[in-house]
Structure formats: C-alpha cells, structure tokens
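*Asks:* A predicted structure for the sequence below; I have some questions about it.
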Amino acid sequence: MKSFVIATCVVAAWSASAAAAEIKVLSAGAVEPGLVRAVEAFKRTSGTEVKIQFNTAPQLAKKLADGESADVLVAPPALLDEQTKAGKVVADGRVALGRVGAGVLVRTNATAPDITTSEALKQALLSADSIVYNTASSGQYIAKMIEKLGIAGEVKAKTTLYPDANAVVEHVAKGKGNEIGFSPIPEIKQSEHKGVKLVGPLPADIQNYTSYGAAALSSAASKDAAKAFLAFLATPEAKQAFVSAGIE
C-alpha cells in the first residue's frame, strides 16, 4: 500500500508539471493493446498528449541508429540494454511492463488444428498448406522452435516470413486453404475482427515469453512528461491495463 501511495503521489506531482506537454513513444508492437489502454488512462489524468509509433524490435533499433528522436522507448530488455550502452536510453527509471506469450492463429472460418502438445503442433505444421510468422523477436523464436521440432527442412518451402504481425494476419485472413500463423497473443486478439482467430498459446513445454519494459530516451524533448509517463506505467492502474490486454 505504501508503494502505491508513493507512486500515486509521484505521478500527481509530475503530471502537474507535464500537463499540456506532448511525448513521443517508440514501442514494440506486441504490447500495443495494453499500451494503448495505459496511454488513454494517462492522458485522462495528466492532460499530456502521447503519440506512439509501433514497430518490431529490429525496426526500432534501426530508427534509433538512424538518429530518430523520441521521449520513451518500449522494447524487450535486450534492446533497452543495447541502447543504454549506446547512450540513447537513460539508465535509471526503467519500468517492467510484463511478458507476452506466442500463439497460433488461423482464418476465422477455418478448422482449428490440435496444438495441445508439441507433437500435435508438429503434425499440424506438417499438414498445413502455409506457415507464416514475422521476423521480429517472436518470429525468431518460432524459427528456432520449428528447428527443435525437427521439421525445418520439411516445412521450409511453405513458410513465409513477414516484417510484422499485421502482414501475418493479412496472409492468414486472405488464405483459402490450411494456413497456420504465429504471433504474440495480444496482437492476435486485437486482430480477430480482421478475419482471424486465436487457436491458443503454444504448448507449455515449448512456449516462449518475451518481456517488455519502458525507459526514457536521452533525446527526450519533454523529460518531465516522460518521467511522469514512466511513473504512471508503474502504477496498479497501468498494470491492469496490460493484464486485461493479455500481457502477463
């Protein structure tokens, strides 16, 4: 309770100085549903305008390497660490947001494959007409998972890689056969209106979680507002926004 009171007071103090300010957030797409909800709550309490650009982790790294400036970076710990060493991320004040598991998606009217065990998933992939996933953090794991299942060579010809989750969803939604896609679970859930559905998470023995955190960038133009936003992300209200979006 004491930590909650302190966090609330800090948010209130910073929010007063950050009111009417504007911050730019560079964020990994996997946490989009939760981050959008948290931003909406922050805007209501602070009056600060928050603009978000969603990209994959590799795309975020490229943007920063190219000199793009922003106030806050939301990304996996490895990228935050890398950018901290490069002097682009402030070392203090990082906030842990949660972790995201990988899931399987198919077309809305398609028969859901059995993925209850790793062996069942293996057989589903061998039977699929098309397998799709992205080249971001989650997709890199899927590639390794398929290798561990011992079927990389057998499914290579029918595997398509895309730079982001949106393209994966579009491929599966427009399919006519037995397409199987992989993507972070929150991204699948928020895309179900586009013609896809979540079959379920990967089997527990091969599930992979990607953690995400937020930190201020050294190039922040609105430093006080960025600090206020990070403080808000550490509150129970913000945590609940992420949990309700499927981010553990």
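*Replies:* Good, I have the coordinates. Numbering: from 1, shown residues only.
*Asks:* use CA for all of it now, contacts and neighbours both
*Replies:* OK.
*Asks:* Work out the sheet partners of the strand ranked longest in the chain and label each with its direction, please.
*Replies:* When the chain is parsed with DSSP state E, its longest strand is strand 95-107. If you go by DSSP bridges, strand 95-107 pairs up with strand 179-184 (antiparallel), strand 196-201 (antiparallel), strand 209-216 (antiparallel).
*Asks:* Dump those to JSON lines, plus distance to A28, mean pLDDT and mean neighbour count.
*Replies:* Shown next, in JSON lines, are the strands paired with strand 95-107 (distance: least, Cα to Cα, whole Å; pLDDT from 0 to 100; neighbours: other Cα atoms under 10 Å):
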{"stretch": "strand 179-184", "distance to A28": "11", "mean pLDDT": "95", "mean neighbour count": "26"}
{"stretch": "strand 196-201", "distance to A28": "20", "mean pLDDT": "95", "mean neighbour count": "22"}
{"stretch": "strand 209-216", "distance to A28": "8", "mean pLDDT": "94", "mean neighbour count": "22"}
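*Asks:* Relative to A128, which of these is closest?
*Replies:* Of all the strands paired with strand 95-107, strand 179-184 sits nearest to A128, with 5.9 Å by Cα to Cα.
*Asks:* Can you tell me what sits against the helix or strand just after the closest one?
*Replies:* For strand 179-184, the following helix or strand on the C-terminal side (DSSP states H and E) is helix 185-190. Outside helix 185-190, the residues within contact range by Cα atoms under 8 Å, 6 or more residues apart in numbering are 29-33, 100-105, 165, 169, 196-198, 201, 245-247.
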